[in-house]
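Engineer: structural data only, the sequence is not supplied:
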């Protein structure tokens with residue numbers, strides 16, 4: 001035996017489940033649309049990715065050169081102080 005209050009609550013819960021299922025279905029469709037749109041976007045971003053890789057490599061080389069130069073200066077200063 002279910003009371004009218006229990007039936008009302010059950011109806012509300014089922015209604016919320018139906019709404020949630022509809023929202024999940026909508027989200028699933030949107031995710032599929034976004035997934036199918038990515039390959040063209042990725043193809044357009046690949047040249048930028050290559051350029052950014054080149055910039056990173058040049059930056060690392062510059063930092064390395066500065067560190068080596070400072071180390072050489074420190075070594076020279078240390079040798080000059082010992083004399």
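Structural biologist: Great, that's in hand. It should be emphasised that the depicted structure is a prediction, and the values quoted were computed from it without experimental measurement.
Engineer: pLDDT (mean, whole number) over the helix or strand that contains residue 30?
Structural biologist: For residue 30, the element it lies in under DSSP states H and E is helix 4-82. The pLDDT scores in helix 4-82 average 90.
Engineer: show me how far that helix is from its chain's centre.
Structural biologist: 1 Å (C-alpha atoms, centre = their mean, to the nearest Å).
Engineer: that helix packs against which elements?
Structural biologist: Of the remaining helices and strands, none touches helix 4-82 by 3 or more C-beta pairs under 8 Å, 6 or more residues apart in numbering; DSSP states H and E. The C-beta positions use only the backbone N, C-alpha and C, and glycine is treated the same way.
Engineer: quick one: classify residue 2 as helix, strand or coil.
Structural biologist: Secondary structure, DSSP: H, G, I helix; E, B strand; the rest coil: residue 2 is coil.
Engineer: how about it, what does it touch?
Structural biologist: residue 10 (C-beta atoms under 8 Å, 6 or more residues apart in numbering).
Engineer: do you know how far it is from residue 14?
Structural biologist: 13 Å (C-beta to C-beta, to the nearest Å).
Engineer: kindly report the same for residue 7.
Structural biologist: 11 Å.
Engineer: same question for residue 6.
Structural biologist: From residue 6 to residue 14 the distance is 12 Å (C-beta to C-beta).
Engineer: what do you get for residue 73?
Structural biologist: 77 Å.
Engineer: and residue 68, by the same measure?
Structural biologist: Residue 68 is 71 Å from residue 14, by C-beta to C-beta.
Engineer: what's the distance between residue 35 and residue 62?
Structural biologist: 39 Å.
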